[in-house]
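S.K.: Mind looking at a prediction? Sequence and model below.
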Amino acid sequence: MRLEEFFERNKKIAVAFSGGVDSTYLIYAAVKADVDVKAYCVRSAFQPGFEFEEAKRLAGQIGCELCVIDVDVLSDDTVTANPKDRCYYCKRHIMGAITAAAEADGYDTVCDGTNASDDADDRPGFRALEEYGIRSPLRECCLTKSDIRMESERAGLQTWNKPAYACLATRILTGEMITKEKLCITEKAENILYNMGFRDLRVRMRGNNALVQIEKSQHSEALAREEEIRKALSELYDEVRIDESPRISG
């Protein structure tokens, strides 16, 4: 099935919107197909501020109405305990909130940006999508991440080459308690590195220490500026180390 066919069959949809490559292209394509589409963006402690602000800006540029929903993911002890399937419990909160808001607005079909490259076996959140009946048009239409980036570039979307971004909770080791303080430290550390010119990165918490992972194109630069990076993050961590191997995106 082609994406155009999906929209012909589904003329009114709600989209779980993060401002990432996939969900941005999905709402763009829906608007272009003259579908009645509304974007729903969840704001939580797991989402950095810059990503939320970018989602608002992108929705406005595309011309899609945006609904912002606040979800307190840290109120769930199972989520904060950070088990291997944490994503499932977190996704249940998020999709539950989105489907409830969408239904209240008259949208029975709720979609997300999962694509054909996403591996269901490696993502506990897929189970939550199934339980809430979330549709994934990009996946259903066999569009891979590469396809979506190519179509996004062709459409002139600024997100076409945007690095993949995972929530702040992924920076904390599985089984280690997630707290608001740890998430704030992580967000502040990554913002510092962004402001230093680094883009595709992660700052992993290892106790009170940090493991900085930088994508291949900037890895050599990061190693050359290691002392500068250590000094910049010294107030946040006891020790700062740059991963010897480049970060692999995705």
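M.R.: Everything's here; your move. Residues are numbered from 1 along each chain as shown.
S.K.: domains for this protein, by residue range?
M.R.: The chain is divided into the following domains under automatic domain parsing: 3-161, 179-242.
S.K.: now for the longest strand anywhere in the chain, which elements pack on it?
M.R.: In the chain, taking DSSP state E as the definition, the longest strand is strand 36-43. Using 3 or more Cβ pairs under 8 Å, 6 or more residues apart in numbering; DSSP states H and E, the elements in contact with strand 36-43 are strand 12-16, helix 21-32, helix 49-62, strand 65-70, helix 86-104. For glycine as for every other residue, the C-beta is placed from the backbone atoms N, C-alpha and C.
S.K.: How far does it sit from its chain's centre?
M.R.: Taking Cα atoms, centre = their mean, to the nearest Å, one finds strand 36-43 lying 14 Å from the centre of the chain it belongs to.
S.K.: Mind listing residues that contact the lowest-mean-pLDDT helix or strand in the chain?
M.R.: Lowest on mean pLDDT, DSSP states H and E among the helices and strands of the chain sits helix 125-131, with a mean of 88. Helix 125-131 is contacted from outside by Cys87, Tyr88, Tyr89, Cys90, Lys91, Arg92, Met95, Asp112, Thr114, Ala120, Ser136, using Cβ atoms under 8 Å, 6 or more residues apart in numbering.
S.K.: For the longest strand of the chain, buried residues please.
M.R.: Val37, Lys38, Ala39, Tyr40, Cys41, Val42 (16 or more other Cβ atoms under 10 Å).
S.K.: so can I have TSV of those residues showing distance to Glu215 and pLDDT?
M.R.: Output for these, formatted as TSV (distance: Cβ to Cβ, whole Å; pLDDT from 0 to 100):
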residue	distance to Glu215	pLDDT
Val37	32	98
Lys38	34	98
Ala39	28	98
Tyr40	30	98
Cys41	26	97
Val42	26	96
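S.K.: circling back to that earlier point, now do the longest strand of the chain against helix 86-104: the angle between them, please.
M.R.: If you take axes from the mean of the first three to the mean of the last three Cα atoms, to 10 degrees, strand 36-43 sits at 140 degrees to helix 86-104.
S.K.: Note down every partner strand of strand 36-43 and its orientation.
M.R.: Here strand 36-43 has these sheet partners by DSSP bridges: strand 12-16 (parallel), strand 65-70 (parallel).
S.K.: No further queries at this time; thank you.
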